[in-house]
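>>> Provided below are the primary sequence and the corresponding predicted coordinates.
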Amino acid sequence: MPANVTEIATDVFRISTFHPEFGIQFNQFLVVDDQPFLMHTGMKKMFASTLGGVSFVLDPARLRWIGFSHFESDECGALNEWLKVAPRAEAMCSFVGALVMVNDFAGRPPRALADNEVFETGRHRLEFIATPHVPHGWDAGLFFETDQRILFCSDLFFHPGDPEPLTETSVLDRTREAILQNLSGPLANDMAYTAQTENTLKRIAHLRPQMLATMHGSSFRGDGEKEIFGLAAALKEILGAGVVSA
Ligand SMILES: [Fe+2]
Ligand SMILES: [Fe+2]
């Protein structure tokens, strides 16, 4: 399973491996900078593929930061493999993620990020947004690249298959179909619709992203705020009740 590598924005590379058994893509994102940042590690069993993709862009030993949204095998399963090939790399995750899971799991201590914490990798600046239970997990958070306004949105906008790396056409229809299909499958109830869900989604919409870097499916370039409000409305309709207002 070789990875497909696409530069989707300046210095931002999408490393995509399609897994035929799962029928979905596993996408990592690499921000090339003085302190290179990798978003998601990929699964441990897919490490060779992900490593090959990253190596196509830069020497993996240069990696400095490894960020991920929540504690699952596709988000951080290969973390210790990366820590071995990149001696200066540190994981970055939420305070909850570090305290509850990653401090014990990782071969080296992670950097625990506070909500709204900003860090620079050189030319690029990223902000961490704590988003408990969005897409899922108490420890969840998202990363936002502030110059090109790229939201690394983890499992939000999940859609299956092996679609194009980047589209300027809304991915809402595909996402909505995937949410509906998921309701009757073995992975139903992946997202708890809580009293905070709507406000969390509004919060990330108001970042006004110009790109949504999706972990499973095509990345989207365009009006990210509108796209997230569309997602919020679909989730409320399907998992909650009523209509979301901007
Ligand atoms: Fe997940
Ligand atoms: Fe995922």
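Okay, I see it. Ligands and ions are numbered 1, 2, ... in the order given.
>>> CA atoms for contacts and neighbours, from now on please.
Fine.
>>> Now the lengthiest helix in the chain: buried residues?
As assigned by DSSP state H, the longest helix anywhere in the chain is helix 224-238. Going by neighbour count (16 or more other CA atoms under 10 Å), the buried part of helix 224-238 is 224-236.
>>> One more: stretch 71-86?
Quick answer for stretch 71-86 (16+ other CA under 10 Å): F71, D74, E75, C76, G77, A78, L79, N80, E81, W82, L83, A86.
>>> show me the contacts for the second one.
Taking CA atoms under 8 Å, 6 or more residues apart in numbering as the criterion, D74 is in contact with F26, H40, T41, G42, M43, K44.
>>> again, only this time at 7 Å
T41, G42, M43 (CA atoms under 7 Å, 6 or more residues apart in numbering).
>>> and the helix or strand harbouring S49, what's its mean pLDDT?
Assigned by DSSP states H and E, S49 belongs to helix 47-57. On average, the pLDDT along helix 47-57 is 98.
>>> next SSE after that helix?
strand 65-67.
>>> next one: the helix or strand harbouring L30 to chain centre, how far?
Here L30, judged by DSSP H and E, is contained in strand 24-31. Put simply, strand 24-31 sits 8 Å off its chain's centre (CA atoms, centre = their mean, to the nearest Å).
>>> which residues are in contact with that strand?
With CA under 7 Å, 6+ apart, strand 24-31 has contacts from 11-19, 37-42, 160-162, 215-217.
>>> That strand: partners in the sheet, and parallel or antiparallel?
Partners of strand 24-31 in the sheet, by DSSP bridges, are strand 12-19 (antiparallel), strand 37-39 (antiparallel).
>>> Would you mind giving the buried residues of helix 224-238 as CSV with distance to A112 and pLDDT added?
Output for the buried residues of helix 224-238, formatted as CSV (distance: CA to CA, whole Å; pLDDT from 0 to 100):
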residue, distance to A112, pLDDT
G224, 27, 98
E225, 27, 98
K226, 31, 98
E227, 29, 98
I228, 26, 98
F229, 29, 98
G230, 31, 98
L231, 28, 98
A232, 28, 98
A233, 32, 97
A234, 32, 97
L235, 29, 97
K236, 31, 96
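>>> which pair in the residues you listed spans the largest distance?
Spanning the widest gap among the buried residues of helix 224-238 are G224 and K236, at 18.1 Å by CA to CA.
>>> Let me see the contact set for the most centrally placed residue in the chain.
The residue lying closest to the centre of the chain (CA atoms, centre = their mean) is S154, at 2.4 Å. Listed by CA under 7 Å, 6+ apart, the contact set of S154 reads S69, T214, M215.
>>> ok, of these, which one's closest to A130?
Nearest to A130 among those: S69, at 8.9 Å, using CA to CA.
>>> Which secondary structure element is home to E177?
Using DSSP H and E, E177 sits within helix 172-182.
>>> And the next helix or strand past that helix?
helix 197-205.
>>> Show me what that next one is packed against.
helix 224-238 (3 or more CA pairs under 7 Å, 6 or more residues apart in numbering; DSSP states H and E).
>>> if you set the cut-off to 10 Å instead, what comes out?
On a contact count with 3 or more CA pairs under 10 Å, 6 or more residues apart in numbering; DSSP states H and E, helix 197-205 meets strand 125-130, helix 224-238.
>>> Pipe the ones you listed into JSON lines and attach distance to L63 per row.
Below are those laid out as JSON lines (distance: least, CA to CA, whole Å):
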{"stretch": "strand 125-130", "distance to L63": "16"}
{"stretch": "helix 224-238", "distance to L63": "28"}
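>>> List of residues touching stretch 195-203?
129-135, 191, 194, 205, 225, 228-229, 231-233, 235-236, 240, 244-246 (CA atoms under 10 Å, 6 or more residues apart in numbering).
>>> in the chain, what spans have low per-residue confidence?
242-246 (pLDDT under 70).
>>> run the last query once more with 80
241-246 (pLDDT under 80).
>>> Whichever of the contacts of strand 24-31 end up buried, select them in PyMOL.
This is how PyMOL selects the buried members of these, with burial counted by 16+ other CA under 10 Å:
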select buried, resi 12+13+14+15+16+17+18+37+38+39+40+41+42+160+162+215+216+217
